[in-house]
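S.K.: need a structure here:
(3 chains)
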Amino acid sequence: MTQPVSPPRDDTPKLSSKAEPAPWRAVVARADVRTLSLLGVLAVLILIGGITKPDEFLDTRNLQLVLTQASVIGVVTVGMTFVIISGGIDLSVGAIVALASVWATTVATQDYGFVGVLFTAVLVGVGCGLVNGVLIAYGAMVPFIATLAMLASARGLALQITDGNTQVVTIDGILDLGERDSYILGVPPLVLMFAVVTIIGWLVLNRTTFGRRTVAVGGNAEATRLAGIDVRRQRLYLYLLSGLCCGIAAFMLIILSGSGQNTNGNLYELDAIAAAIIGGTLLSGGRGTIVGSVLGVLIFTTITNIFALNNLQSDVQQIAKGAIIVAAVLVQRRTANTT
Amino acid sequence: MKQYTQQYTKQHTQQYVKHPAQHRPARPEGLALRKGTTAMPELTSRRGLLFGTAAVSAGVLLAGCTSNESDDEPASNDQPAADDKKGKQVTIGFAGPQADHGWLNAINDNAKSRAKKYEDVTLEITEGSNDTAAQIGQIETLINKKVDVLVILPADGKALTQVGLKAMRAGIPVVNLDRIFNSPQAYRCYIGGDNFGMGLNAGHYIGEQLKDKKNAKVIELAGLDNLELTKQRTAGFDAALKNYPNIKKVARQAAEFTVESGQAKMSQLLQAQSSFDALWNHDDDQGVGALRAIEQAGRDDFIMVGGAGALSAMQAIESDNSVLKATVLYPPTMAASAIDLARALGQGKGVSGLAEFEIPSSLTLYSAVVDKENVKTYLPTGFK
Amino acid sequence: MAPEPPLLTMSGITKSFPGVRALDGVDLDVLTGEVHCLLGQNGAGKSTLIKVLAGAHQPDDGTIGWRGEQVTLRSPIAAMRLGIATIYQELDLVEGLSVAENVYLGHEPTSAGFVVRGKDARASTAALLKRLGHPEIDPARLVGELSAAHQQIVSMARALSHDVRLIVMDEPSAALDPDEVDNLFRIVGDLTADGVAVVYISHRLEEIRRIGDRVTVLKDGRAVAGGLPAKSTPTSEVVALMTGRNVEYVFPPRPTHQDLPEPVLEVQGLSRDGEFESLDLTLRPGEIVGLAGLVGSGRSEILETIYGARKPSTGQVLVGGKQLKAGSVRAAVAAGLGLAPEERKAQALLLLESVTRNVSVSSMSRFSYGGWLDRTAERDAARKATRELSLRPDNPSALIRTLSGGNQQKAVLARWLLRGCRVLLLDEPTRGVDVGARAELYAVIRRLADEGLAVLMVSSEVPEVLGLADRVLVLREGRVVHRAPAQELDEHRVLDLVMEGSPAS
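M.R.: Okay, here's the model as predicted:
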């Protein structure tokens, strides 16, 4: 008889089904451990913040500040998480945010008021996502290359639109959303938007066929295709989704900064990927959680906040950020291995 | 606070479609800035300098030269001085970084409009690049094209020194703009802003404002920390503050010259410092974001001084309804002056107004402080 | 007994992974110049044991003796220095490097310590390949361009390029044709004659009888028998040791089909350039048709083309009388086709996911309302389908990768059962399935046919095709050379047809 070529490490998982009568418990426990370890990191950070700067850090205003600063990149990260789970990557998110934010804040667009700006931002985001998706799904381009090309083009177009100028927003309705008066029960509207995107993202990933297909494509695209699922269309939708998130994020950034600038969204791609990875999303695809990614974003934002409150300079901040990425991933791997 | 933003943004959007250079001819060219001593009597050091009597109408801003006294002296050398009259045809190659934000954009605009002014100047301007290797390639192309003079604003002064040397060896005089090369052999003439002086003047301005305040607290919102100029600005600022024992710098954070980073870092600073008296922000571009953060936090208990001299900042200073009370110039008009110097080099002429035959090897511009008193004068130079 | 001490003595080797004890006090001793066979089902601990031997895993407990001295194998390099080389099942060659570069990867002959002497490497590689009976492999060629069999030879050459005293071969014959297996055995013979010991892992008892000297049987991480004589131990005893019970290879009885309904699948003149030519085939509900042929006869390609995963050059596929869109898996699945592919892990399974999700992946729209999944309904339906096939463990949330090969295959079948498919295409249905589990799988396949499915199966194991199928098509080089009811054929006849290509009668 012929024996299949199977990875030599086969022995271990097979035995584990015998050793553990209820492997689903292990699954749940593993997911929890991953999330818990992130919460642990966050708790340590909060402790550090609370000890070093009790008055400034443990303060409602600071909580509002941290969450607000997390909200824009957070929305981008939710979209990115989907793409990475599907085994892809979207390097163009920062550039799309920049393009959407400047396109939505040109004088011509601002003439159409609040709705015009919102609509344009979202439309530009979705449009860029569509181009990415078509190139990757139907043009058989590697996501890395296709989105890298989009990164360059979108940044270039953004520069062309602004001519290097900062486009200031003059619409009160938009500006007001970034100010204290419009907080709802103490929650800034931007944070609310972030929360809504997160919840919808979680539901889509965990409770819909779309989410299931995303995971399947990332886990084994060939098997998914042979199971009769339209893998290419799924890929197209995923980059559309990422573009949509960028459009929303661009609108939020317009609210936050009261302007559109072609330098917006600088290095968002790396921040979003880093947050997703420390959140437990496999860069090779097939596994990842929205909760993990959001915690990843919050960890980064909290670090930045603590460092700024303690007046540490950007060199130290960058070193610490790198160290935290490594530490978080190592801690996760350890905890995942010992359960 | 909010009122302020709306007002200034309104003006801003009304004007920002126009080319900055279009404002400039409106003022008496050649007098207002170049003859700085008359136009800006409040300046502590009278270091304005002319290129000679004929240059009065040429409208060049050149400051920080060797002589403090000779500015009103007539030229005494026999070297023909550069002037507006058509001379020998000169091709000037211009290579700068990618103009992705206000100040650099203004540099390009200044160079272009200045070159257009002269019939005898052809400007070969490269696609701007922040990539050292790409910029080297662009400059080498210009060398191969045998342009008469090169004006180079390097993305990184140290990294581009070699290519500057190469051009000089090929017999092409180089005007090194703003970010200085490692070796004086790599350029014929350097012209640039004074980053240390910028911090120094910002510090002195704030120092004077808070002179009578006990235990005054100052914070600093710096620019990109991995640029040398940021360090120099901070060093100058700190040096000035040493003269005021009542003032203490309590916090410093670095933004990235972008609106987004300005907003993010400023909001953190505001959270960290529940009260302070003055803020120096290195860059008016990121200042848009910083002002947004200040507005969002509802704070108005301090004065703010900007940097570089953006139009929006000057408009805010003029209307005087925000925390922004002054800005320290880092004038992008230096690019126009660089074109003038390049033209003079190409035509083999000297600078009148100096006793020497030759164009000086180094010119450092003065970073003037613009506040409500003198803002009207500077408003036309504000960039977007 | 041997006058000298054993070459290798492993005693009391214990190795645990989180939640699993993979090895539980295993003893193994290997003598100089012998072929020592390791037998055991998937998951018995063979792979873990050889990884300990290769220095890739550190044992939690136990000792390793090498030529009478106690040693610690801290890393693969340490093992290699002692003279232990391992040829893994999954070939670990670098496809982008040449044969010689692969053979000498990590110990390149150099001048002055760093300049690689490529010529020397190529010359000595050529010598090694000649010794291995494959002088035709060019040492300068890229490994990626070689066939699987030749890649294995390269892997072996790499092992021999070290000063080797013990070679571990993990299922070396799995990817080989009969000729190549003969060559492999000749090599093993040469090696042992030179005094090199071989630890040989295989599922094939007949191979063990041919070349083995002694056998150690592993079960559930324990050595249940050590040093049995390979040639004389009765098969029943070995199987009993491996499975813990006596197993017979039983094929389910063939029902006598009276009048089968109209064909559900018709294949007309299907060809793919360079793979197979003008295939005609009809398949009726309730019958099992088998395709027999050697590797490279176009078997898998035929199934994948019918399924739409490959585009045919000419010809068409009809399901229920309607023509299928060529080259569209979705159309095939919608028409009621289901494929259990040969490479189950690569082509069928979502390895990171649960049984439920693997089963429901093709039928998700059934449990969703506007894209919203009803996860309870999904789980219940998946459980129903897997219970019907007696999939173990009876737990829809178990991760698919923790299941045995047979149960993974059942999950794939359950996927199509749940989908309600009409035609099942099975490519090597028992590949990677333990002997004990095969009979059960055969019974499941027959039952599905009895319930009205049409089954088209491909297998390289002739007895399996003959035992399970109703009708058999014999393939040679992409053409059907013979068609007959299975009862009218025997293994020799099929092998003759496959190898010689006697014209179809």
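S.K.: For chain B, name the helix or strand with the lowest mean pLDDT.
M.R.: Between all helices and strands in chain B, the lowest mean by mean pLDDT, DSSP states H and E belongs to helix B:36-39, at a mean of 34.
S.K.: Name the strands paired with the next helix or strand after that helix and say parallel or antiparallel.
M.R.: Where DSSP states H and E defines the elements, the next helix or strand beyond helix B:36-39 is strand B:90-95. The strands beside strand B:90-95 in its sheet (DSSP bridges) come out as strand B:121-125 (parallel), strand B:149-152 (parallel).
S.K.: CA-only coordinates of the longest one in PDB, if you can.
M.R.: Written as PDB, here are the backbone C-alpha positions of strand B:121-125 (Å, rounded to 0.1, in the frame of the first residue of the first chain):
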ATOM      1  CA  VAL B 121      17.600  81.200 -17.000                       C
ATOM      2  CA  THR B 122      16.500  77.700 -18.000                       C
ATOM      3  CA  LEU B 123      15.500  75.600 -15.000                       C
ATOM      4  CA  GLU B 124      15.900  71.900 -15.100                       C
ATOM      5  CA  ILE B 125      13.900  70.700 -12.100                       C
END
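S.K.: what's that strand in contact with?
M.R.: Among residues not part of strand B:121-125, those counted as contacts by Cβ atoms under 8 Å, 6 or more residues apart in numbering or on different chains are B:89-95, B:108, B:111-112, B:115-116, B:142, B:145, B:147, B:339, B:343. Using the backbone N, CA and C atoms, a C-beta is placed for each residue, glycine as well.
S.K.: Pull out the buried residues from these.
M.R.: Neighbour counting with 16 or more other Cβ atoms under 10 Å in any protein chain shown marks B:90-95, B:108, B:111-112, B:115, B:142, B:147, B:339, B:343 as buried within the contacts of strand B:121-125.
S.K.: hmm, back to that, most tightly surrounded among the strands paired with strand B:90-95?
M.R.: Compared across these, strand B:149-152 shows the largest average neighbour count, a mean of 28 (mean count of other Cβ atoms under 10 Å in any protein chain shown).
S.K.: Ramachandran angles for residue C:63?
M.R.: When quoted as degrees, to the nearest 10, the phi and psi of residue C:63 stand at phi -130, psi 150.
S.K.: Over to the one 4 residues further on?
M.R.: As for residue C:67, its main-chain torsions (degrees, to the nearest 10) stand at phi 50, psi 50.
S.K.: That one contacts residue C:5, correct?
M.R.: Yes - between residue C:67 and residue C:5 there is a contact at 7.1 Å, judged by Cβ atoms under 8 Å.
S.K.: Common neighbours of those two, please.
M.R.: By Cβ under 8 Å, 6+ apart, no residue touches both residue C:67 and residue C:5.
S.K.: separation between residue B:299 and residue A:42?
M.R.: Here the criterion is Cβ to Cβ, to the nearest Å. By it, residue B:299 lies 28 Å from residue A:42.
S.K.: Ok, residue C:58 next?
M.R.: As for residue C:58, its distance to residue A:42 is 35 Å (criterion: Cβ to Cβ).
S.K.: quick one: which of those two has more around it?
M.R.: Neighbours per residue (other Cβ atoms under 10 Å in any protein chain shown) separate residue C:58 from residue A:42, with residue A:42 holding more: 16 against 12.
S.K.: Run the chain-centre distance for the stretch of helix or strand residue C:85 belongs to.
M.R.: Of the helices and strands defined by DSSP H and E, residue C:85 is found in strand C:84-87. On the basis of Cα atoms, centre = their mean, to the nearest Å, strand C:84-87 is displaced by 20 Å from the centre of the chain it belongs to.
S.K.: Can you give the contact residues for the very next helix or strand once past it?
M.R.: Taking DSSP H and E as the definition, the helix or strand that follows strand C:84-87 towards the C-terminus is helix C:99-103. If you take Cβ under 8 Å, 6+ apart as the criterion, helix C:99-103 is touched by C:93-94, C:108, C:118, C:121-122, C:125, C:128-129, C:137-143, C:146, C:154, C:157-158, C:161.
S.K.: what do you get for stretch B:152-166?
M.R.: The contact list for stretch B:152-166 (Cβ under 8 Å, 6+ apart) reads B:94-97, B:107, B:129-132, B:135-136, B:139-140, B:143, B:167, B:174-183, B:185-187, B:335.
S.K.: Contact distance from chain B - what residues of the stretch 201-339 of chain A qualify?
M.R.: The stretch 201-339 of chain A has residues A:253, A:256-259, A:261-266, A:304-305, A:308-311, A:313-315 near chain B, with proximity defined as Cβ under 8 Å from any Cβ of the partner chain.
S.K.: so what's residue B:207 up against?
M.R.: When contacts are taken as Cβ under 8 Å, 6+ apart, residue B:207 is in contact with B:240-241, B:243-244, B:247.
S.K.: try 10 Å
M.R.: Shown here is residue B:207, whose contacts under the criterion Cβ atoms under 10 Å, 6 or more residues apart in numbering or on different chains are B:216, B:218, B:240-244, B:246-247, B:278.
S.K.: Which two among these are spaced furthest apart?
M.R.: By the measure Cβ to Cβ, the contacts of residue B:207 have their two most distant members at B:242 and B:278, which lie 15.5 Å apart.
S.K.: Show me which of those two is the more surrounded one.
M.R.: The neighbour comparison of residue B:242 against residue B:278 (other Cβ under 10 Å) goes to residue B:278, with 25 against 10.
S.K.: and that one, bridged to which residues?
M.R.: Going by DSSP bridges, residue B:278 is paired in beta bridges with residue B:218, residue B:303.
S.K.: pretty sure it contacts residue B:221?
M.R.: No - counting by Cβ atoms under 10 Å, residue B:278 stays clear of residue B:221, with 11.5 Å between them.
S.K.: So stretch C:22-39, near chain A or not?
M.R.: Yes - Stretch C:22-39 reaches chain A (Cβ under 10 Å from any Cβ of the partner chain) through C:22-23.
S.K.: Check which residues of that stretch are buried.
M.R.: When neighbours are counted by 16+ other Cβ under 10 Å, the buried residues of stretch C:22-39 are found to be C:22-24, C:26, C:28-39.
S.K.: closest to chain A among the residues you listed?
M.R.: In terms of Cβ to the nearest Cβ, no member of these lies closer to chain A than residue C:22, at 5.4 Å.
S.K.: Which of the three states applies to the residue lying closest to residue B:146 once chain neighbours are set aside?
M.R.: With Cβ to Cβ, 6 or more residues apart in numbering or on different chains as the criterion, residue B:146 has its nearest non-adjacent residue at 7.6 Å, and that residue is residue B:172. The local conformation at residue B:172, judged by DSSP: H, G, I helix; E, B strand; the rest coil, is coil.
S.K.: Drop anything exposed from the contacts of stretch B:152-166.
M.R.: Among the contacts of stretch B:152-166, those that count as buried by neighbour count (16+ other Cβ under 10 Å) are B:94-97, B:107, B:129, B:132, B:135-136, B:139, B:143, B:167, B:174-181, B:186-187, B:335.
S.K.: which residues in the stretch 51-200 of chain C form helices?
M.R.: Per DSSP state H, counting those that start in this stretch, the stretch 51-200 of chain C has helices spanning C:76-82, C:99-103, C:118-131, C:148-160, C:178-193. These are given in chain order.
S.K.: With mean neighbour count and mean pLDDT as new columns, can these be given to me in a markdown table?
M.R.: Written out in a markdown table, the entries for the helices of the stretch 51-200 of chain C read as follows (neighbours: other Cβ atoms under 10 Å in any protein chain shown; pLDDT from 0 to 100):
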| stretch | mean neighbour count | mean pLDDT |
| --- | --- | --- |
| helix C:76-82 | 17 | 87 |
| helix C:99-103 | 26 | 89 |
| helix C:118-131 | 18 | 88 |
| helix C:148-160 | 22 | 85 |
| helix C:178-193 | 16 | 86 |
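S.K.: got JSON lines for these, with distance to residue C:433 too?
M.R.: Formatted as JSON lines, these follow (distance: least, Cβ to Cβ, whole Å):
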{"stretch": "helix C:76-82", "distance to residue C:433": "30"}
{"stretch": "helix C:99-103", "distance to residue C:433": "32"}
{"stretch": "helix C:118-131", "distance to residue C:433": "34"}
{"stretch": "helix C:148-160", "distance to residue C:433": "21"}
{"stretch": "helix C:178-193", "distance to residue C:433": "21"}
